[in-house]
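Enquirer: Sharing a model that was predicted from the sequence below.
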Amino acid sequence: MHTVLQINSSLFGETGQSSKLAAQFAASLAASTGARLVVRDLARNPVPHLTAERVTAFATPAAERSLDQQRHVAESDALIEELRAADTVVLGLPMYNFGVPSTLKAYFDHLARAGVTFRYTAEGPVGLLTGKRVFAFATRGGRHAGTATDLQTAYVRQFLGFIGLRDVEFIYAEGLALGPEQREQALAAATARIEQLAA
């Protein structure tokens, strides 16, 4: 069965505007394809930020890990397996201070595991989580797409590509803080794009 993984990274959880757009698309996609929908809300269930102990646990051979290290690795493994099982990923992506939410960065940090989600070769790193499509619903208070202040798009595309997710489409809803008219227009445009993609 096709699986859709929806990831909410808004600090407002499911009520955040990026989460609402992601949910609208994920639900439409699941309904039209009969897919199983899995939702991970990083506000409701935040992923711990990396610590020296966690990084050390990842690098320690499995047979030598302490109980705490086994627990740290198991948490990362569960996130990776959830992503590996997904066929389509739908990401709610608000912009905070020009970057991604810190909870999303923590989530990404748990996904980047040498030998698990990528491997090094003589030609450079190769991502191991391939064959998936990603839709990122990027919401911003101002206008940033295509400008020097859009530090999100390149970073998210680079990270996802690093672990093998290269088929990534961004759907922007910008200018949400620039007045009611601009907000309505941006959300209407994003909704129209959702209808096209889910058709």
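Expert: Structure's in. What do you need? Numbering: from 1, shown residues only.

Enquirer: For stretch 95-111, which residues meet the burial criterion?
Expert: Of the residues in stretch 95-111, Met95, Val100, Pro101, Thr103, Leu104, Lys105, Ala106, Tyr107, Phe108, Asp109, His110, Leu111 count as buried by neighbour count, 16 or more other CB atoms under 10 Å. C-beta: built from backbone N, CA, C; applies to glycine.

Enquirer: and that stretch, what's its mean pLDDT?
Expert: The average of the pLDDT scores along stretch 95-111 is 97.

Enquirer: Report the distance from that stretch to the chain centre.
Expert: Put simply, stretch 95-111 sits 9 Å off its chain's centre (CA atoms, centre = their mean, to the nearest Å).

Enquirer: What residues does the residue nearest to the spatial centre of the chain make contact with?
Expert: When CA atoms, centre = their mean is applied to the chain, the residue found nearest the centroid is Leu91 (4.6 Å). Going by CB atoms under 8 Å, 6 or more residues apart in numbering, Leu91 touches Gln6, Ile7, Ser9, Ala22, Val134, Phe135, Ala136, Phe137, Val156.

Enquirer: Let me know the secondary structure of the second one.
Expert: The one in question is Ile7. strand (DSSP: H, G, I helix; E, B strand; the rest coil).

Enquirer: Let me see the residues that make contact with stretch 37-51.
Expert: For stretch 37-51, contacts defined as CB under 8 Å, 6+ apart pick out 3-14, 16, 19, 23, 26-27, 30, 54, 75, 79, 82, 86, 101-104, 106-107, 109-110.

Enquirer: Span of it from start to end?
Expert: End-to-end distance of stretch 37-51 (CA to CA, to the nearest Å): 31 Å.
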